[in-house]
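Student: could you work out the structure for the sequence below:
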Amino acid sequence: MKFQKDKIILDKIVNNLDRFALDFVKILEKKADYVLVSGYVSILFGRSRISEDIDMFIPRMEKTEFSALHNSLLKDFWCLNGDDAEELFDLLMKRHSIRYARKGKVIPNIEVKFACKPSDFESLSKKIRVEIGKKALFVSPIELQIAYKERILKSEKDRDDALHLREVFKDNISKKKIKYYEELVMKHD
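Tutor: Coordinates of the predicted model:
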């Protein structure tokens, strides 16, 4: 793994979950910005644990924009929540998530939410490019992932994810940023 100012270059064998994420964002990024968050971030950086889903935030968009995005995704994926773009859009606007999986499959799936909290917007605006070969994914700032998992989610799995990220990035994270994000998530999440 190489760290550069604005990106991380990851030398790894792409697994099925990575391939699923890469295939999904290849379609998504033509229509919307995104950021990957939560457990998959730890898995991407080598944490050995099972996950059936990937979490992501996208910016809020107009119904017509979402409908175009949804229709693009339906070429290779299906939505577990239903087919009607208008109903799915309403779910997103009510702060619910929707899930997509490869056609004919249920897992793995990707959970899509509109960004709505300050930490969501921070994840989108400060996202980190992770290059895997000639492809790339965007993930939330590592310090924000640590703060959110330790201060908000707090399950054993989340604490272990945070510990893994602290270890992997020990020479590349800022304790000051973690503290800033802890205050942000505790105040607004």
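Student: what sits against the closest residue in space to residue 81 that isn't next to it in sequence?
Tutor: Among residues not flanking residue 81 along the chain, residue 98 sits closest, at 4.6 Å (C-beta to C-beta, 6 or more residues apart in numbering). Every residue, glycine included, has its C-beta placed from N, CA and C. When contacts are counted by C-beta atoms under 8 Å, 6 or more residues apart in numbering, residue 98 touches 79, 80, 81, 88, 91, 92, 111, 112.
Student: what are the boundaries of the strands in this protein?
Tutor: For the chain, the strands defined by DSSP state E cover 2-4, 7-10, 35-37, 53-58, 77-79, 98-102, 109-114, 128-132, 135-139.
Student: chain center to the second one, what's the gap?
Tutor: Its chain's C-alpha centre lies 16 Å from the corresponding centre of strand 7-10 when counted by C-alpha atoms, centre = their mean, to the nearest Å.
Student: please enumerate the helices of the chain.
Tutor: All helices of the chain, identified by DSSP state H, fall at 16-28, 39-44, 63-73, 85-93, 118-125, 142-148, 156-168, 175-188.
Student: save those helices as a markdown table, and put in mean neighbour count too.
Tutor: Output for the helices of the chain, formatted as a markdown table (neighbours: other C-beta atoms under 10 Å):
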| stretch | mean neighbour count |
| --- | --- |
| helix 16-28 | 17 |
| helix 39-44 | 24 |
| helix 63-73 | 16 |
| helix 85-93 | 16 |
| helix 118-125 | 18 |
| helix 142-148 | 25 |
| helix 156-168 | 17 |
| helix 175-188 | 15 |
